[in-house]
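Chemist: Sequence below, structure please.
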Amino acid sequence: MGTATCIMLVAAEPSGDALGAGLMRALRRRLGEGVRFVGVGGPLMTAEGLDSPFDIAELSILGWFEGARAYRKVVARADETAALAAREKPDAAVLIDSWGFTMRVAQRLRRQDPSLKLIKYVGPQVWASRPGRAKILAATFDHLLSILAFDAPWFEKEGLPVTPVGNPTLAKDFSKADPDWLRQQIGAAPADQILLVLPGSRKSEISRLMSPFGDAVARLKKDRPRLHVALALADSIADDARAAAEAWPVLPYLVQGEAARIDAMRGATLALACSGTVTTEVALAGCPMVVAYRMSPISWFLVKRFVTTAYVCLVNIAAGREIAPELLQDKCTGPLLAAALAKRLDDEDLRLHQIAEQDAALEKMGPKGGPDPSERAADAVIAILEGRAP
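Modeler: Numbering: from 1, shown residues only. All right, here's what the predicted structure looks like:
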């Protein structure tokens, strides 16, 4: 492998940005400083040396209706990304998560250079919705790096080679987190309860969830004046979430930064979390939770037609039952959220039982605290570049 190796990485969301940054570090350790990275990413990939041509925040879209509204912008950015590849001529392209955007990019790259190695990092959840996407992915990509062990059969039967690299969330080390940090920061007494609110990392999530979350917090505080409330701010939407929180009747303590967020998860009594990767993190931290989500009515109507799983939270999917209450769409209201949270705040045995069930579900999802998936992903990318089987 020569020093002129050029690898394109494309991520369109904060979670993909984190995966891309980890992969860049692992590849650089193996290939040396001579490796060159081009592509699209966020602040974490930028910190690793990627010069992204545009801000990925505009591509952080969830839902059919929202996707339709952003269609022209997504197409324009996909064209721009393909043009970047045409100029830079990478040896391989790793397209991370974000099904809609990365598929458009992949199709353009395939037409542009049929010999380019196309690697998908994180496959679509075909076991939960639209299994036909496995065939589409197999027709476009050369290899899939999967983070879930039960992904492989769905894609391999369509002829797509799969390398399971492990779930980066499960690899996170919570053992060094300080459960007392948050309590000290907000001045909570040992017996005081702390509610941690995690509203998501997309602008659409902030716009749809912060109002019912704020209403739930106000209702809980009315009956529990000693309840402390903390709000975790994802860097991608920190300003929007902070502005929305200013309208809450009860102002929360603001938590920002990865280390502080992990400490807060370990120290909270209970969490109110937006459905997504963060729910697995909360479970790993040993914190019981209530899960919520809202999207546009049109998107929700389409989701209900295509989704085949009974639950949206991975912990619940792995368990095959509702361990963490899911209050979705019309059920995502201040009164209903407050009731579900109050039930757990008032019952320590229920909280402990939920933590035990969450732990059991995590065991089904894969080994905790294992090797960094970025290392295994880097090994696979290099093998593919060298024409070997990963």
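Chemist: So which residues of the stretch 51-200 of the chain form strands?
Modeler: Taking DSSP state E, counting those that start in this stretch as the criterion, the stretch 51-200 of the chain carries its strands at 92-96, 117-121, 143-146, 162-164, 194-198.
Chemist: now the stretch 251-390 of the chain
Modeler: Under DSSP E, counting those that start in this stretch, the stretch 251-390 of the chain gives strands at 253-256, 270-274, 289-293, 326-328.
Chemist: so what's residue 194 up against?
Modeler: Going by CB atoms under 8 Å, 6 or more residues apart in numbering, residue 194 touches 182-183, 186, 188, 227-230, 267-270. (C-beta placed from N, C-alpha, C; glycine too.)
Chemist: Residue 179 - how many residues pack around it?
Modeler: 16 (other CB atoms under 10 Å).
Chemist: I misspoke; the intended subject was residue 314.
Modeler: 24.
Chemist: so what's it closest to, chain neighbours aside?
Modeler: Distances taken as CB to CB, 6 or more residues apart in numbering place residue 280 nearest to residue 314, at 5.5 Å, with adjacent residues excluded.
Chemist: can you pull the contacts of that neighbour?
Modeler: Contact partners of residue 280, counting by CB under 8 Å, 6+ apart, are 167, 169-170, 314-315, 362, 365.
Chemist: among the strands of the stretch 51-200 of the chain, which is nearest residue 77?
Modeler: Between residue 77 and these, the tightest spacing by CB to CB is seen for strand 92-96, at 13.1 Å.
Chemist: distance between the closest one and the chain's centre?
Modeler: Centroid displacement of strand 92-96 relative to its chain, using CA atoms, centre = their mean, to the nearest Å, is 18 Å.
Chemist: Tell me which residues of that strand come out buried.
Modeler: By neighbour count with 16 or more other CB atoms under 10 Å, strand 92-96 contains the buried residues 92-96.
Chemist: do stretch 232-243 as well
Modeler: 232-238, 240-241.
Chemist: what's the most distant pair in those residues?
Modeler: 232 and 240 (13.6 Å).
Chemist: Show me what the lengthiest helix in the chain packs onto, helices and strands only.
Modeler: Taking DSSP state H as the criterion, the chain has its longest helix at helix 203-223. Helices and strands touching helix 203-223, by 3 or more CB pairs under 8 Å, 6 or more residues apart in numbering; DSSP states H and E, are strand 194-198, strand 228-233, helix 238-245, strand 270-274, strand 289-293, helix 334-345.
Chemist: got the angle between it and helix 238-245?
Modeler: 40 degrees (axes from the mean of the first three to the mean of the last three CA atoms, to 10 degrees).
Chemist: And the contacts of helix 203-223?
Modeler: So helix 203-223 is contacted by 57, 60-63, 66, 195, 197, 199-200, 227, 229, 237, 240-241, 244-245, 247-250, 252, 272, 274, 292-295, 332-335, 337-338, 341-342, 345 (CB under 8 Å, 6+ apart).
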